[in-house]
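J.: return atomic coordinates for the entry below.
(4 chains)
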Protein chains: 2
Amino acid sequence: MSLKHAILGFLSVRPLSGYDLKRAFDHSVQHFWPADQSQIYRSLRQIHEAGFVEQEVIPRDGKLDVKIYHLTEAGQSELIDWLRTPLDPQDNREPFLIQLFFSGLLRQDELLALLKHQRSQIDDLLQLYRGVYNASTREVDDADFQRRVTMSLLTLEYGVRLNHAYRGWLDEVIQRIEQGDWSPPTWQNMLGQGDADQGESNDR
Amino acid sequence: MSLKHAILGFLSVRPLSGYDLKRAFDHSVQHFWPADQSQIYRSLRQIHEAGFVEQEVIPRDGKLDVKIYHLTEAGQSELIDWLRTPLDPQDNREPFLIQLFFSGLLRQDELLALLKHQRSQIDDLLQLYRGVYNASTREVDDADFQRRVTMSLLTLEYGVRLNHAYRGWLDEVIQRIEQGDWSPPTWQNMLGQGDADQGESNDR
DNA sequence: CTATTTTATAGGACGCGTCCTATATGTTAT
DNA sequence: ATAACATATAGGACGCGTCCTATAAAATAG
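T.: Numbering: from 1, shown residues only, chains lettered A, B, ... in the order given. Okay, here's the model as predicted:
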């Protein structure tokens, strides 16, 4: 259900067409929420039917009309309601884990090739993130815009942190398998290398 | 496409019914690949039509037949082929990031409440994982079984590592927002607190 | 000058996943 | 004794997402 709300989020800044929205997605949240063009238009239609946006139709001779979507009050409050709603965390299906889980059917060198390929993929992603970071830290204007840039960087940081952790895990798995170490990891091992923090300070 | 291959994976160990498969999923890979009962049966039908499994039909008076699925040679090689195929990493859509991204419409205390709720959810998950870990380290029999337990623990370790990183990131975001610090994080910040490793050793 | 890209919207087909419901019997809880 | 759960399979409806295709004109690249 997040795509519709992300659209409302963008429209809360200023009115946009479906095409504008596609670009907005591609330029800001694409890293953690890629949006399909078709899906945007379909969602827009549903959002419109629900009364969360109004269409400003701009005719173009011969071609299909351009439709600029304006957030209504109902849309604004729907968005804010959703923003306030705690979501339960997603189960992040990672197909690679299925491969690893059933990799008993592979030879050790095949498994290692798979793991190393995965690691290089993560490295590529991490480098891509770094590029995004470098690009985004160049222009900072007013305070409101600054806040938005920071938000953007926080979500980017999420991506970097998680992929960095992924990379670290892959490294250790590769090391263990290369050394033929099939002993089960300890819980301390699981939390990360030198980390002695037990995380027993749940303040809630 | 991973569900079908996961099913083939389970069937490569021993023939199972749809019902058995559902239990197998729930007891071993549920943490990173929850499987819907209906979806399992549907996939089983498709896998059967593709010739990757054979049905052993066991009639039950009045009730629907029990069908035990046996992996065929075609199925075995399909599985091994897939296991050898490098997959590109998934984009892990995390709805919470959308909320954070558009949280400019919330008051600071509302944002903090959201963040802390998320953190407690992660803590719950982490504790659940710890329970799974404790349960799985109790029984270790033969060497082949040991290998499977270790595989299981490696995937669990993946979950622990990533959620641990998630938690750490949340903690820092909470801290920054509580201190009203809206300055953009540095790249060093992004890679994790005291971590000076630049990860420039891409051997591929 | 031609080919591609950009601007702009939208439908079709299909895959995967979730939730709900139906059917039917035996076995445990309360 | 009755309610709930386990065993076992399967269809319907629906949502979200992806990929492909159509249409059409202007702008830009080679």
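
J.: distance check, residue A:172 against DNA strand C.
T.: Distance, residue A:172 to DNA strand C, using Cβ to the nearest atom of the strand, to the nearest Å: 27 Å. Every C-beta, even on glycine, is put in place using the N, C-alpha and C of the backbone.

J.: sec struct for that residue, please.
T.: helix (DSSP: H, G, I helix; E, B strand; the rest coil).

J.: can you give me the angle the one helix or strand residue A:176 maps to makes with helix B:143-178?
T.: Using DSSP states H and E, the element containing residue A:176 is helix A:143-178. Between helix A:143-178 and helix B:143-178, the angle comes out at 160 degrees (axes from the mean of the first three to the mean of the last three Cα atoms, to 10 degrees).

J.: number of residues surrounding residue A:47?
T.: Per other Cβ atoms under 10 Å in any protein chain shown, the neighbour tally for residue A:47 reads 22.

J.: please read the previous query as pertaining to residue A:56.
T.: Quick note: residue A:56 (other Cβ under 10 Å) scores 13 neighbours.

J.: and what of residue A:165?
T.: Neighbour tally, residue A:165, other Cβ under 10 Å: 23.

J.: who touches the residue lying closest to it once chain neighbours are set aside in this structure?
T.: Of all residues not flanking residue A:165 in the chain, residue B:165 sits nearest, at 3.7 Å (Cβ to Cβ, 6 or more residues apart in numbering or on different chains). The contact partners of residue B:165, by Cβ atoms under 8 Å, 6 or more residues apart in numbering or on different chains, come to A:161-162, A:164-165, B:192.

J.: disregarding residues adjacent in the polypeptide, which is nearest to residue A:54?
T.: Residue A:54 sits nearest to residue A:70 (Cβ to Cβ, 6+ apart), 4.7 Å away.

J.: buried sites along the host helix or strand of the one you found?
T.: Using DSSP H and E, residue A:70 falls within strand A:66-71. By neighbour count on 16 or more other Cβ atoms under 10 Å in any protein chain shown, the buried set for strand A:66-71 is A:67-69, A:71.

J.: so what's the backbone phi/psi at residue A:99?
T.: phi -60, psi -50 (degrees, to the nearest 10).

J.: no, scratch that, I was asking about residue A:55
T.: Dihedral pair for residue A:55: phi -90, psi 130, per degrees, to the nearest 10.

J.: tell me how many other residues crowd it.
T.: Close neighbours of residue A:55, defined as other Cβ under 10 Å, add up to 14.

J.: could you find the closest non-adjacent residue to the most centrally placed residue in chain A?
T.: Central residue of chain A (Cα atoms, centre = their mean): residue A:32, 1.4 Å from the mean position. Nearest in space to residue A:32, with sequence neighbours left out and distances taken as Cβ to Cβ, 6+ apart, is residue B:97 at 4.8 Å.

J.: what's the first helix or strand after the helix or strand hosting that neighbour?
T.: In this assignment (DSSP H and E), residue B:97 forms part of helix B:95-101. Downstream of helix B:95-101, the first helix or strand assigned by DSSP H and E is helix B:108-136.

J.: outline the domain layout of chain A.
T.: What automatic domain parsing lists as the domains of chain A is A:2-84, A:95-191.

J.: in a markdown table: those domains, plus mean pLDDT.
T.: Shown next, in a markdown table, are the domains of chain A (pLDDT from 0 to 100):
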| stretch | mean pLDDT |
| --- | --- |
| domain A:2-84 | 95 |
| domain A:95-191 | 91 |
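
J.: if anything else comes up later, I'll come back, but that's it for now.
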